[in-house]
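Asker: Task: produce atomic coordinates for the following.
(one chain, ligands or ions: 2)
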Amino acid sequence: MLRCNIRSISQKRGRIDILSRSSHRNQRRWERIEMKNPVIVVHYHELWLKGGNRRFFLGKLFTALRTSLQGVGVQRIEQPGDRFLVRLSDGADLSAAIERVERVLGIAYYAVARPVERDMQSLCQSAWDELAPLQFNTFAVRARRSDKTFPHTSMEIERVVGRYLQDRLREQNRSARVQLTDPDVTCYVEVTPGPLLVYARKIPGVGGLPANTAGRIACLLSGGYDSAVAAYHMMKRGAHLSFIHFYGTGSRPGESSLHVANGLARQLVRYQYHAKLYRVPFEAIQREIVRYAPEDFRILLYRRMMLRIAEVLARRDRALALVTGDSLGQVASQTLRNLVAVDAAAQVPVFRPLIGTDKVDILVTARKIGTYDTSSEPFHDCCPVFMPRTPALHASPEDLDAAEAKLDIRALVTQGLRETTLEQLRYTAGTVHVTEAKPIARAKNSTAIA
Ligand code: ATP
Ligand code: MG
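Answerer: Ligands and ions are numbered 1, 2, ... in the order given. Okay, the predicted model is just below:
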């Protein structure tokens, strides 16, 4: 099967050159294809379209495409049948458009198609233009009609175009033959109400569900790799996230984890288009814990305080759950017993999408989604400063309740909320805009704490 990544595109007087990499039968090579006024054909999985939610999901996917593609020269986005067609205007930046499409959640695959006049001769010629630069031994033509007024059936199209391609290949002494099952290359013809569309390179999209379709969740976003990847997994299932970051206040400007969390939120908001970032100063709370609680439980108590404050902020945003980047057994605080003991402090569900994921795989995803470099930046985490020498490995909820006995939990939560500031992030026209950080409204919701 042909796999192809569109790599680099340059524009010259209305024509767009696409460098594409194809690989089939262990061959990898780069080819140059010329195309005029390309159309990006976007296909989605059918699974989430079942039932009465179809319009809702497709509406969200449409909004996501429109928002993502702002500023790259899109003429219009159409929706004939079960796909979207992104028509680029003259001089549009195809490479930028593709980069943006690659981040749109809910896309099963996409292709850059040639628009063709509605006659068989033009269709055959374009199919040849599409296939000629590719190397293959077997091929097939697949036609689909969302516009039934076209005077040829899908089978006729496949037969006529297939025969034409065979003739042209023979003319060039190329030995490729038709093979309907698992061919090296498939030439797709889409008959939509506008021009016909031809393409032979399907590129996998990011998959998942369209952004902002599954409800709200608050994410505890540290400056590390894991929580940003956890956030991505939840966004990919349609959740809308607000981000909550706890930071130490003592470090010098530029050394605080705040700038890292801010950078991560900037990367992540590109998948869901708008987000809140709550910034909670945490050092004073840590000092209280260090002062009044047994040393070996410290980290677990920090986590419990984070969950409690995050829960209030989640409620403020009508978010129904929390998400963290914990992975089973990764560090002492993430043994099964410790996770359960920490969770006992939260009244909303705490999702941990990475619980069964190895660090190496988490890092692969971090690179893919663009958070790796930011997470690699050094910073003064609030936690290491107050690290215990021998952290408890197997705490119970009762152990932690007892360890917290001397702390005024409610007062600490209120204090954290009082000092919390909020940034709003918005992603438009390829740029992330961030509002100035402002204190959140007085912590009236802190009474929600048990
Ligand atoms: P990450 O897990 O993101 O790589 P980390 O390794 O520093 O960062 P852990 O000690 O593994 O964090 O903490 C487990 C989880 O607790 C994090 O994934 C995150 O969800 C939450 N968490 C930890 N520290 C913070 C923080 N400073 N602000 C917000 N959430 C945090
Ligand atoms: Mg971690």
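Asker: For the protein, which residues are neighbours of ligand 1?
Answerer: 220-222, 224-227, 244-246, 306, 324-326, 331, 382 (CB under 6 Å from any ligand atom). Heads up, the C-betas are built off the backbone N, CA and C, glycines and all.
Asker: Name the helix or strand for residue 304, please.
Answerer: helix 298-316 (DSSP states H and E).
Asker: Number of residues surrounding the residue of the stretch 251-400 of the chain found nearest ligand 1?
Answerer: Proximity of the stretch 251-400 of the chain to ligand 1 (CB to the nearest ligand atom) peaks at residue 325, 2.5 Å away. Using other CB atoms under 10 Å, residue 325 has 25 other residues around it.
Asker: among the residues of the chain next to ligand 1, which are in strands?
Answerer: Per DSSP state E, strands hold the following members of the residues of the chain next to ligand 1: 220, 244, 245, 246.
Asker: Now that we have those, can you turn them into a markdown table and tack on distance to residue 412?
Answerer: Below are those laid out as a markdown table (distance: CB to CB, whole Å):
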| residue | distance to residue 412 |
| --- | --- |
| 220 | 17 |
| 244 | 16 |
| 245 | 17 |
| 246 | 12 |
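Asker: follow-up on the earlier one: average model confidence for the helix holding residue 304?
Answerer: Average pLDDT, helix 298-316: 97.
Asker: quick one: contacts for residue 100?
Answerer: Residues counted as contacts of residue 100 (CB atoms under 8 Å, 6 or more residues apart in numbering) are 68, 69, 72, 430.
Asker: which residues in the stretch 1-150 of the chain form helices?
Answerer: Taking DSSP state H, counting those that start in this stretch to define them, one finds helices in the stretch 1-150 of the chain at 54-68, 94-101, 120-131.
Asker: For residue 261, find the nearest of those.
Answerer: helix 54-68 (23.3 Å; CB to CB).
Asker: any idea of the angle the closest one forms with helix 94-101?
Answerer: With axes from the mean of the first three to the mean of the last three CA atoms, to 10 degrees applied, the angle from helix 54-68 to helix 94-101 works out at 140 degrees.
Asker: What are the buried residues along helix 54-68?
Answerer: 57, 58, 60, 61, 64, 65, 67, 68 (16 or more other CB atoms under 10 Å).
Asker: I'd assumed residue 104 was in contact with the last one.
Answerer: Yes - taking CB atoms under 8 Å as the contact criterion, residue 68 and residue 104 are neighbours in contact, 5.2 Å apart.
Asker: Which residues are in contact with the closest residue to residue 397 other than its chain neighbours?
Answerer: Excluding the flanking residues, the one nearest residue 397 by CB to CB, 6 or more residues apart in numbering is residue 344, at 3.7 Å. By CB under 8 Å, 6+ apart, the contact set of residue 344 is 304, 397, 400, 401.
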